[in-house]
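Visitor: prediction below, plus the sequence it came from.
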Amino acid sequence: MDDTALTTLLSHAVLAFAIEFDNEFEQEMRKTYARPFGVSIVMWSNFMRFVGETGTPIAEIVEASCIPKEAVVSVVGGTERWGYVTVDHDPKAGAPLRRSGFGSGRGVKLDTVLYPSMTGKLAIDRWEPLVAEIERRWRERFGGKEVDALRDALGAVDVDAPLPHFLPS
């Protein structure tokens, strides 16, 4: 199999996994009071999974995600607007005041601290087990040997630079 054919097949598998992951996440969020908005495995893999309950500085998210600061900051605005994070305000301290630059990346610096909101915590609790659940389904559906071969093929991709945990948005 040539590299182009393998790349195409691996791309199909990644896309199918993302669609199943995102659909399941939306189903799980519908069981809560929160609206899932247009979030996806990309937001989970490259951003929200690094937002700790006790607060996480932007610098730590940039380092852990391998996403440039400018891209992380652009995600901050959307996730703040959609109610997944609060910026420089611990939700346990009560209702936040709207910060200058609310819903945008304005004023967000490397030492800015993000906290998951109540909706963010609901989303994190639903996202976290989904990778293992979808992989379990694929093992059942396609067979363990095939899933292991796919995992090996994806792991064999050799790149000299640090990569995001999922395709960047």
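Guide: On my side now, so go ahead.

Visitor: state the distance from the residue nearest the centre of the chain to P96.
Guide: Centroid-nearest residue in the chain, with Cα atoms, centre = their mean: W44, separated by 1.4 Å. W44 sits 23 Å away from P96, going by Cβ to Cβ, to the nearest Å. For glycine as for every other residue, the C-beta is placed from the backbone atoms N, C-alpha and C.

Visitor: equivalent analysis for G143, please.
Guide: Counting by Cβ to Cβ, the gap from G143 to P96 is 49 Å.

Visitor: these two: who's more crowded?
Guide: P96 (16 against 11; other Cβ atoms under 10 Å).

Visitor: which SS class is R98?
Guide: Of the three states, R98 takes coil under DSSP: H, G, I helix; E, B strand; the rest coil.

Visitor: run a quick neighbour tally on it.
Guide: Counted with other Cβ under 10 Å, R98 comes out at 8.

Visitor: what sits against T54?
Guide: If a contact means Cβ atoms under 8 Å, 6 or more residues apart in numbering, then T54 has Y115 as its contacts.

Visitor: that one: what secondary structure?
Guide: With three-state DSSP as the criterion, T54 reads coil.

Visitor: please renumber the chain so that the first residue is 739 from this point on.
Guide: Sure, I'll start counting at 739 from here, so that last one is T792.

Visitor: give me the nearest residue to T817, chain neighbours excluded.
Guide: V823 (4.7 Å; Cβ to Cβ, 6 or more residues apart in numbering).

Visitor: I'd guessed that neighbour sits against M856; true?
Guide: No - using Cβ atoms under 8 Å, V823 is not in contact with M856; the gap is 10.9 Å.
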